[in-house]
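**Q** Need coordinates for the below:
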Amino acid sequence: MRELGKVFDRVADAYDAARPTYPDELFQALSEVSGVDLDGATAVDVGAGTGILTRALRARGSRVVAVDPGAEMLARLRSRAGSGGTAAVLADGNALPLAGGVADLVTYAQSWHWLDPVASIAEARRVLRPGGAIAGCWNLAHAAQAGWLAAYEERLARSCPTYWGPALEEWSVPPIAAAFEVVAERWIPWTRLVRVEDFLLDLRSHSYMAALSAGAADELVERQRAELTREFPGGVLSVPMRVYLAVGR
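**A** Residues are numbered from 1 along each chain as shown. Coordinates of the predicted model:
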């Protein structure tokens, strides 16, 4: 996990600046299917990164313990967390440095697939109070809904040896639902309006891009920029998105 932290630390600025937030409907669904009222809840956000989900939970009244193995990622989180309500902990999600029975909710936003599927869920169960819930969510571009987006993903698959996404036939959402008794799985559609340059900055924040040499990454970004500006001469993309949410106890 330390090595993973270093990978994302290298792209912390891009991650913080350009990764998308989550639609309001996600939090409505999370509260509904988990039975946890976010206002006043204690949440442990595992793999919190720069705090995208952490801040959203805080905005809805939760107290949040943000856990991540990346020092630079947590530095961005701390700088934007504001005063009170958030604790940032440099730690591995497979071995949470928390007492048992302290949380109402354990969340994994874009992160559970990096963890050990058994140890991580055992740790989540340990830190939960009775009646607590575990939730994993992934914000995903819905390539099947737009030809330009499918072509964009195909270019990534051809250029990035470690690419994992919808351009691969074997790709699927992480199997977190199999790790616990699922209360619910939801797909939440939404549309992201984003400038081309911000979309490309988001691209640089992904692990498969961080694995490329600087020259190869720059060349790929330029190819993507040329295609996207041809498709969207106004400079603003309309990206079909969907959030996968799985909640269990």
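**Q** other SSEs contacting the longest helix that the chain contains?
**A** Longest helix in the chain, counting residues (DSSP state H): helix 214-231. When contacts are defined as 3 or more Cβ pairs under 8 Å, 6 or more residues apart in numbering; DSSP states H and E, helix 214-231 sits against helix 147-159, helix 196-204, helix 207-210. Using the backbone N, CA and C atoms, a C-beta is placed for each residue, glycine as well.
**Q** In its sheet, which strands sit next to the very next helix or strand once past that helix, and in what direction?
**A** Using DSSP states H and E, the next helix or strand after helix 214-231 towards the C-terminus is strand 236-248. Strand 236-248 pairs in its sheet with strand 128-141 (antiparallel), strand 182-195 (antiparallel), by DSSP bridges.
**Q** List the buried residues in the last one.
**A** For strand 182-195, the neighbour count (16 or more other Cβ atoms under 10 Å) marks 183, 186, 188, 190, 192, 194 as buried.
**Q** Then the first one?
**A** Within strand 128-141, the residues that qualify as buried are 128, 132-141, counting by 16+ other Cβ under 10 Å.
**Q** Dig out what Val106 forms beta bridges with.
**A** Under the criterion used (DSSP bridges), Val106 bridges to Val44, Ile134.
**Q** Run through the residues that contact Leu90.
**A** Leu90 makes contacts with 68-71, 74, as judged by Cβ atoms under 8 Å, 6 or more residues apart in numbering.
**Q** Now, of these, which are buried?
**A** Members of the contacts of Leu90 classed as buried by 16+ other Cβ under 10 Å are 68-70, 74.
**Q** So which residue is dead centre in this protein?
**A** The residue lying closest to the centre of the chain (Cα atoms, centre = their mean) is Gln110, at 2.6 Å.
**Q** List the contacts of that residue.
**A** Counting by Cβ under 8 Å, 6+ apart, Gln110 touches 47, 49, 137-139.
**Q** Looking at those residues, spot the one nearest Glu169.
**A** Nearest to Glu169, judged by Cβ to Cβ, of the contacts of Gln110 is Trp138 at 18.6 Å.
**Q** Which residue is the nearest non-sequential neighbour of the closest one?
**A** Nearest residue to Trp138, sequence neighbours excluded (Cβ to Cβ, 6 or more residues apart in numbering): Tyr244, at 4.8 Å.
**Q** Equivalent analysis for His142, please.
**A** Using Cβ to Cβ, 6+ apart and skipping residues adjacent in sequence, the residue nearest His142 is Pro240, 4.3 Å away.
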